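Asker: sequence and predicted structure, then a few things I'm wondering about:
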Amino acid sequence: MPLSPTPLNHLSDDDHLPQACRCHAGRRGFLRALVAGTAATGAGAALAQVNVGGSSGLRKLVPAETLESAATEQYQELLQKAKAQGALAGSSHPQLQRLRGIAQRLIPYASQWNARASQWRWEVNLIGSKEINAFCMPGGKIAFYTGILEKLQLSDDEVAMVMGHEMAHALREHSREQMAKNSATSIGLSLGAQLLGLGDLGDLAARMGTQLLSLRFSRSDESEADLVGLEMAARAGYSPQAAVSLWRKMGEATGDGGIGFLSTHPTGPDRIRELERNIPRVQGLYESARRR
């Protein structure tokens with residue numbers, strides 16, 4: 001029996017699903033394993049192989065702690081709503097275990113891209129919905145819909161590409177940058193005015209936290225997320241070629257309805273060509289990871 005919540009978000013840990021997805025709790029075990037994996041991996045040791053340039057200075061207008069706090073609050077609200085609808089996957093759900101296992105391999109490489117990531121309280125959850133969607137909110141709050149796994153029949157390598165891409169949005173602080181742009185525009189502030197102490201974008205960003213899931217990223221943001229996610233997945237031992245097969249599947253799925261993911265992550269031949277150009281840069285990382 002399918003799970004069916006709102007086109008929002010997802011997931012929790014100790015909760016029940018309808019019959020087809022009944023589970024128990026166990027997030028503590030996931031977190032313990034995650035800490036152990038991070039300690040064992042020397043995450044930031046190797047230099048980046050993809051070139052995405054520096055992060056935008058505009059993001060500094062919004063305090064990272066403010067946005068991460070707002071994201072955590074919204075994430076918990078989404079979990080509670082999913083739980084109330086019987087759509088929140090419990091920890092023994094096989095697809096949730098699969099997602100958490102993939103995250104456990106990716107997260108040790110996150111701090112190379114953002115030092116704050118080593119202090120984030122990462123969460124991975126799953127919600128029952130036919131919609132093709134997934135996200136990672138600031139602070140490491142990851143959620144997948146069952147629709148993206150089932151409709152696209154994603155392999156583990158392809159799931160890692162989706163997850164790495166979404167994690168990269170959080171690590172590169174694209175939401176923080178976009179929130180700063182939106183906030184400054186809405187109250188008529190220029191970057192120079194804010195640096196001189198005029199206005200309070202931090203408070204405004206906190207109030208705008210409920211808009212996190214509706215933010216639209218730029219093409220350059222999407223390209224950055226593709227490449228950073230590609231490298232993280234390769235370092236974790238997932239095939240770089242899966243990035244191409246993933247976006248081909250996404251492109252084929254555009255004729256179907258309910259694809260929230262593609263409303264903010266447009267696909268196309270240019271995207272695939274850019275990934276193909278960068279696969280040779282990370283192929284050695286993948287091969288090295290597979291030998292470990």
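Answerer: The structure has been received and is ready for your questions.
Asker: beyond the helix or strand containing residue 232, next helix or strand please.
Answerer: Assigned by DSSP states H and E, residue 232 belongs to helix 219-235. Toward the C-terminal end, the helix or strand that comes next after helix 219-235 (DSSP H and E) is helix 241-252.
Asker: pLDDT on that next one, on average?
Answerer: Helix 241-252 comes out with an average pLDDT of 92.
Asker: for the helix holding residue 232, buried residues please.
Answerer: Of the residues in helix 219-235, those buried under the neighbour-count criterion (16 or more other Cβ atoms under 10 Å) are 221-235. Every residue, glycine included, has its C-beta placed from N, CA and C.
Asker: what's the closest of these to residue 121?
Answerer: Comparing the buried residues of helix 219-235 against residue 121 with Cβ to Cβ picks out residue 232 as the nearest, at 18.9 Å.
Asker: go ahead and confirm the closest one touches residue 167.
Answerer: Yes - using Cβ atoms under 8 Å, residue 232 is in contact with residue 167, at 6.8 Å.
Asker: what do those two both touch?
Answerer: Between them, residue 232 and residue 167 share these contacting residues under Cβ atoms under 8 Å, 6 or more residues apart in numbering: 106, 110.
Asker: is it true that residue 52 touches residue 229?
Answerer: No - here residue 52 does not reach residue 229: they are 10.7 Å apart, not a contact under Cβ under 8 Å.
Asker: list residues touching both of these two?
Answerer: Common neighbours of residue 52 and residue 229 (Cβ under 8 Å, 6+ apart) do not exist.
Asker: now do the helix holding residue 232: which elements does it pack against?
Answerer: Secondary structure elements in contact with helix 219-235, counted by 3 or more Cβ pairs under 8 Å, 6 or more residues apart in numbering; DSSP states H and E, are helix 156-171, helix 174-186, helix 241-252, helix 269-291.
Asker: quick one, which of those helices is packed in tightest?
Answerer: Between the helices and strands packed on helix 219-235, the one whose residues have the most neighbours on average, counting mean count of other Cβ atoms under 10 Å, is helix 156-171 (a mean of 26).
Asker: just the CA atoms of that one, as CSV, please.
Answerer: Output of helix 156-171 as CSV, limited to C-alpha atoms (Å, rounded to 0.1, in the frame of the first residue of the first chain):
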residue,chain,number,x,y,z
ASP,A,156,23.0,2.6,-5.5
ASP,A,157,25.5,4.6,-7.7
GLU,A,158,22.6,6.7,-9.1
VAL,A,159,21.2,7.3,-5.6
ALA,A,160,24.7,8.4,-4.5
MET,A,161,24.7,11.0,-7.3
VAL,A,162,21.4,12.4,-6.3
MET,A,163,22.4,12.5,-2.6
GLY,A,164,25.8,14.0,-3.4
HIS,A,165,24.2,16.6,-5.6
GLU,A,166,21.8,17.6,-2.9
MET,A,167,24.5,17.6,-0.2
ALA,A,168,26.6,19.8,-2.4
HIS,A,169,23.9,22.5,-2.5
ALA,A,170,24.1,22.6,1.3
LEU,A,171,27.9,22.4,1.4
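Asker: could you check the angle helix 241-252 makes with it?
Answerer: On the basis of axes from the mean of the first three to the mean of the last three Cα atoms, to 10 degrees, helix 156-171 is oriented at 90 degrees to helix 241-252.
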